[in-house]
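Q: this one's structure only:
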């Protein structure tokens, strides 16, 4: 059963951000799912109605390696969801009456590869499958890097873009990792009235193309999510993988951000950690109906090149 | 003469942000210009090549009052620039070899009213006149407010939008006050390769439509400029009016922000104060050519509604 729904404001939502520590390459799906279940039970005991897991939550962050062997690469993807190993997560969630968000690598029956996330309601209904829009990194093996970032080799860009769904008593959107650095991500959902954006991420703290950015990773992570929240009057949840994973350090810093841009909850470890906050979706109106009343103040006739051109001209 | 141009990297610019304290309603243009000149001489002594003054730098922030008398309203506008009283500013700047940015209220010969800013090169050439795109506040007198914010009554929205000009050894853009809260402002200039955005502002620390935002004004001010800088790999300078002006408190917090999003210089008073930093325009490439290589990573086909619709649909 859900925690005291009758006594709670219908526009309040108890949100659990389930940060994951490192996942070793040798860990099986079933071992990882046990970690997810443990966090789910903790979340349920704390009254959480929606638990969010990170991007690519079922495996290690495999784009750090170059694979010549397709079978080896394929081993990191899911060809169905629920899969045999994740079925218990879906069953347990429905039994507990808890919704969840789960990121994973998707391999379609047509052989297409996406960096995906699924959102499941408290009754087990699948709300949506989202696919990452902005794919970072590079396409070709770059042997000089200490770690590869081959997302552009291993994933297609989403053909569907950003949508917003009626779920959990509000308007919910999903983005994944690098999507959060682009203001367009938040704006496209903001123009659909989004009230909560869930963003899973795996962010290495080293950035090979410009190491000067390394010490700023935590600052940049929060900066983009806080400004995206404020400028669109929406809650934002950032759900990280953290810690040293196969020799690569991942930024943790999972957080829940209010429509004011304020951090209201934050992970303090780099491991498996549940961060909980009761969020009031009504608070979005404080911004959407005043300073950021889009219909009154925006000037789309002045924004043309944002959609007319891709790069600098 | 300019300060040691021969020994300085051609892509470095010594920038001076000239924050202004309160301007009383009773102060004459000539009295204000004397304050501007004082800051200009200080700037020149410190090797500044470009000094930036705030929005509506020649008068008090008059949209806080409702004027029924058009002649009284007109007294706050400039019908020509240089005007009789500002000519000395132009002459002194050219003599010193210092460029400047100046915000003022513009009343055209056709009777149109704009919240404008002019950018002048070191040799006296007028680089551009920019007009504010996003006009905040309200159109009608709202007597319940302690102060009005009648910008939407007193100014038209710019028909020209955001442009970028070759000046001061780089690509320079201008925005004004409320423009800085909209990510589209930075992006439209980012897509034109902007390397420095000058943003003058008058921001009351009270926000009548939602007082909960009052204590967050300083946070929001820096949040939007820091994210706009980072997400477009550009320097941003915020130039404030500060202090208690005719009973209304104005946010100071003038600053210079790097393409990394980092604050590199900040005003520490709420009065007339010059903030100086030598900025390296080359640093923009660290972001524009890596993480924010627009031509490689942006997805304009997914951004359609940003320009297709104004408000939430």
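A: Alright, I've got the coordinates. Keep in mind that what you see is a predicted model, and the values were worked out from it rather than measured.
Q: How many residues are close by the closest residue to residue A:213 other than its chain neighbours?
A: Nearest non-adjacent residue to residue A:213, counting by C-beta to C-beta, 6 or more residues apart in numbering or on different chains: residue A:207, 4.6 Å away. All C-beta spots, glycine's among them, are computed from the backbone N, C-alpha and C. Using other C-beta atoms under 10 Å in any protein chain shown, residue A:207 is surrounded by 18 other residues.
Q: What pLDDT is listed against residue A:3?
A: Residue A:3 carries a pLDDT score of 41 in this model.
Q: Tell me the spacing between whichever residue of the stretch 151-300 of chain A sits closest to chain B and residue A:288.
A: As assessed by C-beta to the nearest C-beta, chain B sits closest to residue A:295 within the stretch 151-300 of chain A, at 2.7 Å. Note on residue A:295: its distance to residue A:288, by C-beta to C-beta, to the nearest Å, is 10 Å.
Q: Now the residue of the stretch 151-300 of chain A closest to chain B: which helix or strand?
A: If you go by DSSP states H and E, residue A:295 is part of helix A:294-297.
Q: Quick check: buried residues in that helix?
A: The neighbour-count check on helix A:294-297 (16 or more other C-beta atoms under 10 Å in any protein chain shown) flags A:294, A:296-297 as buried.
Q: Looking at those, spot the one nearest residue B:85.
A: residue A:297 (32.9 Å; C-beta to C-beta).
Q: For that closest one, which non-adjacent residue is closest in space?
A: residue B:134 (5.9 Å).
Q: Can you get me a residue count around that neighbour?
A: Residue B:134 - counted by other C-beta under 10 Å - has 21 other residues nearby.
Q: Next up, the contacts around it.
A: By C-beta atoms under 8 Å, 6 or more residues apart in numbering or on different chains, residue B:134 lies in contact with A:297-299, B:157, B:178-179, B:181-182, B:185.
Q: Filter these down to just the ones in helices.
A: Counted as lying in helices by DSSP state H, out of the contacts of residue B:134, are A:297, B:185.
Q: Check the gap between the residue nearest to residue A:297 and residue A:167 for me.
A: From residue B:134 over to residue A:167 (counting by C-beta to C-beta), the distance is 32 Å.
Q: just residue A:69 next, same as before
A: In terms of C-beta to C-beta, residue A:69 sits 39 Å off from residue A:167.
Q: do the same with residue A:243
A: Distance from residue A:243 to residue A:167, by C-beta to C-beta: 30 Å.
Q: Residue A:99 too?
A: For residue A:99 relative to residue A:167 (C-beta to C-beta), the value is 8 Å.
Q: now swap in residue A:152 and tell me
A: Between residue A:152 and residue A:167 the distance, using C-beta to C-beta, works out to 30 Å.
Q: returning to what we had before: so residue A:69 and residue A:167 - more neighbours on which side?
A: Comparing residue A:69 with residue A:167 by other C-beta under 10 Å, the one with more neighbours is residue A:167, at 20 against 8.
Q: isn't the more buried one right up against residue A:122?
A: No: Residue A:167 is beyond contact range of residue A:122, at 9.4 Å (criterion: C-beta atoms under 8 Å).
Q: Return every residue with contacts to both of the two.
A: With C-beta under 8 Å, 6+ apart as the test, residue A:167 and residue A:122 both reach residue A:99.
Q: Any idea how many residues pack against the residue in the stretch 1-150 of chain A positioned nearest to chain B?
A: Nearest residue of the stretch 1-150 of chain A to chain B: residue A:133, at 5.4 Å (C-beta to the nearest C-beta). When neighbours are counted by other C-beta under 10 Å, residue A:133 registers 25.
Q: repeat for residue A:140
A: 10.
Q: Check residue A:169 too.
A: 17.
Q: got the contact list for it?
A: Residues near residue A:169 by C-beta under 8 Å, 6+ apart: A:10-11, A:13, A:281.
Q: rerun at 6 Å
A: Applying C-beta atoms under 6 Å, 6 or more residues apart in numbering or on different chains to residue A:169 gives the contacts A:10-11.
Q: Kindly report the same for residue A:218.
A: Residue A:218 sits next to residue A:253 when contact means C-beta under 6 Å, 6+ apart.
Q: With residue A:91 as the reference, measure out to it.
A: Between residue A:218 and residue A:91 the computed distance is 37 Å (C-beta to C-beta).
Q: Alongside chain B, which residues does the stretch 51-200 of chain A contribute?
A: Proximity of the stretch 51-200 of chain A to chain B, by C-beta under 6 Å from any C-beta of the partner chain, involves residues A:133-134, A:161, A:183-184, A:187, A:191, A:193.
Q: just checking, which of those residues belong to helices?
A: Short answer: these in helices (DSSP H) are A:183-184, A:187.
Q: would JSON lines of the residues you listed with pLDDT and neighbour count be doable?
A: Converted to JSON lines, these look like this (pLDDT from 0 to 100; neighbours: other C-beta atoms under 10 Å in any protein chain shown):
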{"residue": "A:183", "pLDDT": "98", "neighbour count": "27"}
{"residue": "A:184", "pLDDT": "98", "neighbour count": "26"}
{"residue": "A:187", "pLDDT": "98", "neighbour count": "26"}
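Q: what's the helix or strand for the residue nearest to residue A:181 when sequence neighbours are not counted?
A: Of all residues not flanking residue A:181 in the chain, residue A:224 sits nearest, at 5.1 Å (C-beta to C-beta, 6+ apart). Per DSSP H and E, residue A:224 falls inside helix A:217-232.
Q: Check the offset of the following helix or strand past that helix from the chain's centre.
A: Downstream of helix A:217-232, the next assigned helix or strand under DSSP H and E is strand A:235-241. Relative to its chain's centre, strand A:235-241 lies at 6 Å (C-alpha atoms, centre = their mean, to the nearest Å).
Q: The residue of the stretch 151-300 of chain A closest to chain B - nearest residue in space that isn't next to it in sequence?
A: Distances taken as C-beta to C-beta, 6+ apart put residue B:311 closest to residue A:295, at 2.7 Å, once the chain neighbours are dropped.
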